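Colleague: Below is the sequence, then the predicted model.
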Amino acid sequence: MQHSHDSSLNPEQKKAIDTIEGPLLIIAGAGSGKTRVITHRIAEMLRRGIPQSAVLALTFTNKAAREMQTRVAGLVGDSTRMLTVSTFHAFGVQILKRYIHKLGYRENFSIYDQSDQAQLLKETLRELRMEEVRDLRSILTLFSRIKTGQAGWNAETDEFRRLYAEYQQHLKLYNAVDFDDLIVLPTRLLSEFSDVRADLEARYRYVLVDEFQDTSQAQYKLLRLLTENGRNVCVVGDDDQSIYSWRGAEYENILQFERDFPELLEIKLERNYRSTGTILDAANRVIEHNSNRKTKALWTGRKEHLPIELCFPEDEHQEAEMIARRIKSLAATENVKYHDIGVLIRTNALTRTLEEAFLTENIPYRVSGGQSFFQRQEIKDIIAYLRLCANLNDEIALLRIINVPRRGIGKRTLEQITARAEQSGVTLYSAIHELVQAADTPLGTRALDDLGTFIELIERYRGLFLSGGKKLAQHLEALIGEIDYWSYLVMEYQHNDKIAKWKNRNIDLFVQMVRDYQSDPDNLDVGLYDYISRITLNSRDDQDEADGDGKLNLMTIHAAKGLEHDVVFLAGAEDGVIPHARAIAEDAKNLEEERRLFYVAITRAKRRLIISSCRRRKIMREVVESSPSPFLEEIPEELMMVVEAEDVVPAGEAADFFQMIKDRVR
């Protein structure tokens, strides 16, 4: 059944859009229009009469999910409210909302983010009298790897086995899940309860996955359980852009998919609509050096061919000045807008000198992957009130606000509450209740009053928040007024009222966000629970809304994935920076991943690519001589042009540069 397709689609894209039944693997090169293919393919399903509710599209960021939903709505000219377009984690939340009771949890579970997990871990360490353990981050990483099946216990990690079991028990006691649980628990539900699996299979008959190369083993397992019987599953990915192995991404999932669905159709999208031929030739030649990959060669119909510019500043300060000056001149002579420029770096440590140069030259910029709004202290305080009202057993939220604003509930009182909780085997909130009402309470009068007032406050607002209706923002505003958070800020920052005002403004913004959320007609459910799980998931997104607002984009290559810019500067293309020395020291396999990162950086550029490699760079406190990244050798000489860092390099030396690359010890 053919349809009048958009005439600008190429034959491979049309074939991918028309193949609706059965397993489909789309290998989509950088800039090959894959979002377009996915959205047209969903629109095609709907045109063929497949109901929206039978389609599930999974992607990696909330931003990508929103964009996909909007584009499909534009194509079908209708609301797409019944369509499920979501991240893997948000989809996990939906499954848990319906079935988590089967695993012995109560509804209204809390989702713990990293700082909540760290709090909980600290508490567990205290109870097990293991306070000498300091490195919480590496323990949480280990727990995550154990939970998602990436690692097992061994002689080295065995000492943490009891801690892990306790940590898990605590989560369950507090009716909370962490981010890994959002994938692991739905997978358990699908594999252990045939009725849940049958339900979900019957509902989601057509499944699509975007950025398939970034899925982890745990996510793939969930996908397989969901689609094994129906077999209408389409995965879209590019093994050359798999750069998240440190997060558990498995580009080998592409091979696994071929083994699990041997009857699949494979379609390659190799025509690139983004970059010039020069940039693509360079990218193709670099990535060819990787061994484990699907062969593909990106090509373009574009005629423009600017050479890739390469320069060798003396050090990172000269590099930053040169980039800033070059940006100014492109803006002046070629009318390039700041938001069409991306400055990419391998690690966050490289941003500082660049930021200084942009400030000096008055270039407006934004750093992507910085601290998110929801991670700010004052916002987390207010959210903790909401979380406690939603789930009285949310210990982390309780501990965060029991003394914010200060209520004179000191460490001694907290210890008494904790002791009572352990003794009665109940949560902290219930322990407070018991202590306030007990005849033989060990608490002093002041602590009794303060705790009584606190409990009364929480229960009154819990009643208001849960009474339904669109009054969440109104009640929240009343709560903030009643606890007098403003006075608390003034006290905390008495030497700097600017900070207090700024933080207070953030709280006003937050209340406004709640108000907007409630009045958005597309949000079917505007209750407290939905709002909380939504912001917990949202604050996970690394991507700031990076839309053209006149600012230059400074970001790590990881944060730039999926974006594109007219002009791309790649700073710090030195051996030891990219490829990163530490990554390679850990595992030789990582060289291929570093090369994929370099490939992702190159393919972000549409027209112009400018690469700089410093001759020396200050690392920690010492100045180190640097040599150019070995990946530069892999770009054919005729595609590049050495540009002098404003006459700092004598002309002869620039010419010798290619010789210098060739003479490097191979």
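Modeller: Yep, it's here. Numbers count the residues shown, from 1 in each chain.
Colleague: Could you count how many residues lie near K498?
Modeller: 8 (other Cβ atoms under 10 Å). C-beta coordinates here come from the backbone N, C-alpha and C atoms, glycine included.
Colleague: what's the span of stretch 306-316, first residue to last?
Modeller: Chord length of stretch 306-316, first to last residue, is 25 Å (Cα to Cα, to the nearest Å).
Colleague: Tell me which residues are up against that stretch.
Modeller: For stretch 306-316, the external contacting residues (Cβ atoms under 8 Å, 6 or more residues apart in numbering) are 276, 278-279, 282, 319, 322, 350, 353, 572, 607-618, 623, 628, 632, 635, 639-645, 648-649, 654, 657.
Colleague: For the residue lying closest to A176 once chain neighbours are set aside, grab phi and psi.
Modeller: With sequence-adjacent residues excluded and distances taken as Cβ to Cβ, 6 or more residues apart in numbering, A176 is closest to S110, at 4.4 Å. Main-chain torsions, S110, degrees, to the nearest 10: phi -100, psi 150.
Colleague: can you give me the helices in the stretch 451-600 of the chain?
Modeller: Using DSSP state H, counting those that start in this stretch, the helices assigned to the stretch 451-600 of the chain run over residues 472-482, 485-492, 497-519, 528-538, 557-560, 581-586, 590-602.
Colleague: And the fourth one, what does it pack against?
Modeller: Contact analysis of helix 528-538 by 3 or more Cβ pairs under 8 Å, 6 or more residues apart in numbering; DSSP states H and E lists helix 88-99, strand 110-112, helix 377-390, helix 497-519 as its packing neighbours.
Colleague: circling back: which one of the helices of the stretch 451-600 of the chain has the poorest average confidence?
Modeller: Of all those, the minimum mean pLDDT falls on helix 528-538 (a mean of 78).
Colleague: Show me which positions of it end up buried.
Modeller: For helix 528-538, the buried set under the neighbour-count rule, 16 or more other Cβ atoms under 10 Å, comprises L528, Y529, D530, Y531, I532, S533, R534, I535, T536, L537, N538.
Colleague: And stretch 162-176, by the same measure?
Modeller: Those would be L163, Y164, E166, Y167, H170, L171, Y174, N175, A176, for stretch 162-176 by 16+ other Cβ under 10 Å.
Colleague: which among the residues you listed gets closest to A202?
Modeller: For the buried residues of stretch 162-176, the closest approach to A202 (Cβ to Cβ) belongs to N175, at 28.9 Å.
Colleague: Check the gap between that closest one and C389 for me.
Modeller: The gap separating N175 from C389 is 14 Å, by Cβ to Cβ, to the nearest Å.
Colleague: cool, L163 as well?
Modeller: 31 Å.
Colleague: I507 too?
Modeller: For I507, the distance to C389 (Cβ to Cβ) stands at 17 Å.
Colleague: Compare neighbour counts for these two and give me the winner.
Modeller: The residue with more neighbours, out of I507 and C389, is C389; 25 against 20, by other Cβ under 10 Å.
Colleague: Show the contacting residues for that one.
Modeller: Residues near C389 by Cβ under 8 Å, 6+ apart: I458, Y461, R462, F465, L466, L528.
Colleague: pretty sure the first one contacts L392?
Modeller: Yes. Under the contact definition of Cβ atoms under 8 Å, I458 touches L392, with a separation of 7.5 Å.
Colleague: Kindly list the longest strand within this protein.
Modeller: strand 605-612 (DSSP state E).
Colleague: chain center to that one, what's the gap?
Modeller: With Cα atoms, centre = their mean, to the nearest Å as the basis, strand 605-612 stands 25 Å off its chain's centre.
Colleague: do the same with stretch 592-609
Modeller: Distance, centroid of stretch 592-609 to centroid of chain: 20 Å (Cα atoms, centre = their mean).
Colleague: now swap in stretch 631-642 and tell me
Modeller: 33 Å.
Colleague: So which bits of that stretch are buried?
Modeller: Using 16+ other Cβ under 10 Å as the test for burial, stretch 631-642 gives F631, L632, E633, I635, L639, M640, V642.
Colleague: For R616, give me its contacts.
Modeller: E314, D315, V623, V624, E625, S626 are the contacts of R616 under Cβ under 8 Å, 6+ apart.
Colleague: which of those sit farthest apart?
Modeller: E314 and V624, at 13.1 Å, using Cβ to Cβ across those.
Colleague: between those two, which one's more packed in?
Modeller: E314 (15 against 12).
Colleague: Perfect, I'm done here.
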